[in-house]
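K.L.:
Task: produce atomic coordinates for the following.
(one chain, ligands or ions: 1)
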Amino acid sequence: MNQALSHSSWLADIPRQLAALDAQQLRRTRRTVVPQQGAHILVDDQPLLQFCSNDYLGLAAHPDLVEAARAGAQDFGVGSGGSPMVSGHSTANAALEADLARFVQLPRALYFYAGFATNASVIPALVAAGDAVFSDALNHASLIDGCRLSRADIQRYPHGDLAALDALLAASPARRKLVVSDAVFSMDGNVADIPGLLALCERHDALLMLDDAHGLGVLGPQGRGSLAAAGLTGTQASPRVLYMATLSKAAGVSGAFVAGSEVLVEWLLQKTRSYTFATAAPALLARALQASLRLMEHEPVLRARLQARIQQLRAGLEPLLARTGWRLLPSDTAIQALVVGSNGAALALMEGLRQRGLWVPAIRPPTVPQGTARLRIALSAAHTEADVQRLLAALTDTALSSIV
Ligand SMILES: *Cc1c(COP(=O)(O)O)cnc(C)c1O
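P.N.:
Down below sits the predicted model:
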């Protein structure tokens, strides 16, 4: 088995393509991490204070979740053993679904093992060739892949542009129309105009699917999410809305769910391929997630702490914005985007912070539009006031040292 590949084989292109990634400085590498106390982390053995985790409420290492998972493993073992359609639907997973529906104040929920797989296969369960799907230009990759897999006609509308969406919906001859949007946009931290989107869906007989990966646990009363924040749950819930959220971010574990009307969720249970043909999530995770929902509901101090850090960062950055020309995008979510402009400036800032013991990722095109390279600062209830103070001081220090 050590015959060389012929130079003309397509497999020989792969090392050449990797070399091209190196040449363009686009090769990605992973770092190995070990979480420490709070937002501290060992990154390739170096201690850093991180501002890049999606664990917005600091629940990933919460003792209640750890204990619930431990007890769940004791009761159910670690693997689920099968698809939820066969033997994988544990009583723990069923109880979690009931808790999720109650928490987001929608009639019924369906629990998936991962968010990416949920989006990628829920959309094809709803629309197909001959139908139309309308997708915000800044939607998450998993929604984009779901649109492509569906084979429906894809109409991409400019970010947040409801007038453009209205025109596209009006012009579409498709009978089945699905509008798909992030509820909180992951690179900017801004919230979609949910009532506006729903009004358009009503006018054009469309279904609205919202991905609230970054809103659940953070927005709305008791962290019930963006839809609850918009007042569109409970008695105000619309049969035209399919709500989706991941359980890997503020909820601190992994997995995802969709929620909506009884009949819509029943349809997805029948037709979503990543539900039917994938092994159910282990019951120990459902147990941890039940503990997570209890904390979200009964520990308002978690959200209060996150909100305090957001206010502290935004107020503390103001003098620096005036001096540097940086822009802080409007956001009252955990995602705070500090736009510095050029790729070089963003990378230099990230490196300056790293030298000062802080890990804040620089995000560059094509992930964000040209000329808007940025630091994506992710705040968490795990950050202390001193942590954010340290970030502000390091940003100031780095900015001033690069000016002189
Ligand atoms: C993270 C994310 C997902 C994917 O969820 P996972 O649980 O990580 O698979 C989907 N949509 C959005 C907007 C996300 O940020």
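K.L.:
dump the residue contacts of P35.
P.N.:
Taking C-beta atoms under 8 Å, 6 or more residues apart in numbering as the criterion, P35 is in contact with 41-42, 60-61. Every residue, glycine included, has its C-beta placed from N, CA and C.
K.L.:
for the host helix or strand of S402, which positions count as buried?
P.N.:
Using DSSP states H and E, S402 sits within helix 385-403. Across helix 385-403, burial judged by 16 or more other C-beta atoms under 10 Å covers 387-388, 390-392, 394-396, 398-399.
K.L.:
try stretch 173-192
P.N.:
Per 16+ other C-beta under 10 Å, stretch 173-192 contains these buried residues: 174, 176-192.
K.L.:
Over to stretch 82-92?
P.N.:
Neighbour-count burial for stretch 82-92 [16+ other C-beta under 10 Å]: 84, 88-90, 92.
K.L.:
Can you name the residues of the chain sitting close to the ligand?
P.N.:
114-116, 119, 140, 142, 182, 186, 211, 213-214, 246, 248, 256 (C-beta under 6 Å from any ligand atom).
K.L.:
among the residues you listed, which are in strands?
P.N.:
Members of the residues of the chain next to the ligand lying in strands (criterion: DSSP state E): 182, 211, 246, 256.
K.L.:
most surrounded residue in these?
P.N.:
D211 (32 neighbours; other C-beta atoms under 10 Å).
K.L.:
Now do the contacts for that residue.
P.N.:
So D211 contacts 119, 139-140, 142-143, 180-183, 244-245 (C-beta under 8 Å, 6+ apart).
K.L.:
nearest to the ligand, of these?
P.N.:
Nearest to the ligand, judged by C-beta to the nearest ligand atom, of those is H140 at 3.5 Å.
K.L.:
what about the one residue in the chain that gets nearest to the ligand, neighbour count?
P.N.:
Across the chain, the shortest distance to the ligand (C-beta to the nearest ligand atom) belongs to G115, at 2.2 Å. Neighbourhood size, G115 [other C-beta under 10 Å]: 22.
K.L.:
again with L347
P.N.:
Using other C-beta under 10 Å: L347 sits among 15 other residues.
K.L.:
which residues does it contact?
P.N.:
Residues counted as contacts of L347 (C-beta under 8 Å, 6+ apart) are 362, 364, 373.
K.L.:
G325 now?
P.N.:
Counting by C-beta under 8 Å, 6+ apart, G325 has contacts G341.
K.L.:
Show the backbone phi and psi for it.
P.N.:
Dihedral pair for G325: phi 80, psi 0, per degrees, to the nearest 10.
K.L.:
State the distance from it to N93.
P.N.:
Counting by C-beta to C-beta, to the nearest Å, the separation of G325 from N93 is 51 Å.
K.L.:
One more: T246?
P.N.:
In terms of C-beta to C-beta, T246 sits 16 Å off from N93.
K.L.:
again with L242
P.N.:
20 Å.
K.L.:
same thing with D397?
P.N.:
D397 sits 49 Å away from N93, going by C-beta to C-beta.
K.L.:
sorry, back to before: among the ones in strands among the residues of the chain next to the ligand, which two are most distant?
P.N.:
Taking C-beta to C-beta as the measure, these span a maximum distance of 13.6 Å, between D182 and A256.
K.L.:
Which residues are in contact with each of those two?
P.N.:
Contacts common to D182 and A256, judged by C-beta under 8 Å, 6+ apart, are A213.
K.L.:
burial count for the nearest residue to A170 once chain neighbours are set aside?
P.N.:
Of all residues not flanking A170 in the chain, H204 sits nearest, at 6.8 Å (C-beta to C-beta, 6 or more residues apart in numbering). Neighbourhood size, H204 [other C-beta under 10 Å]: 16.
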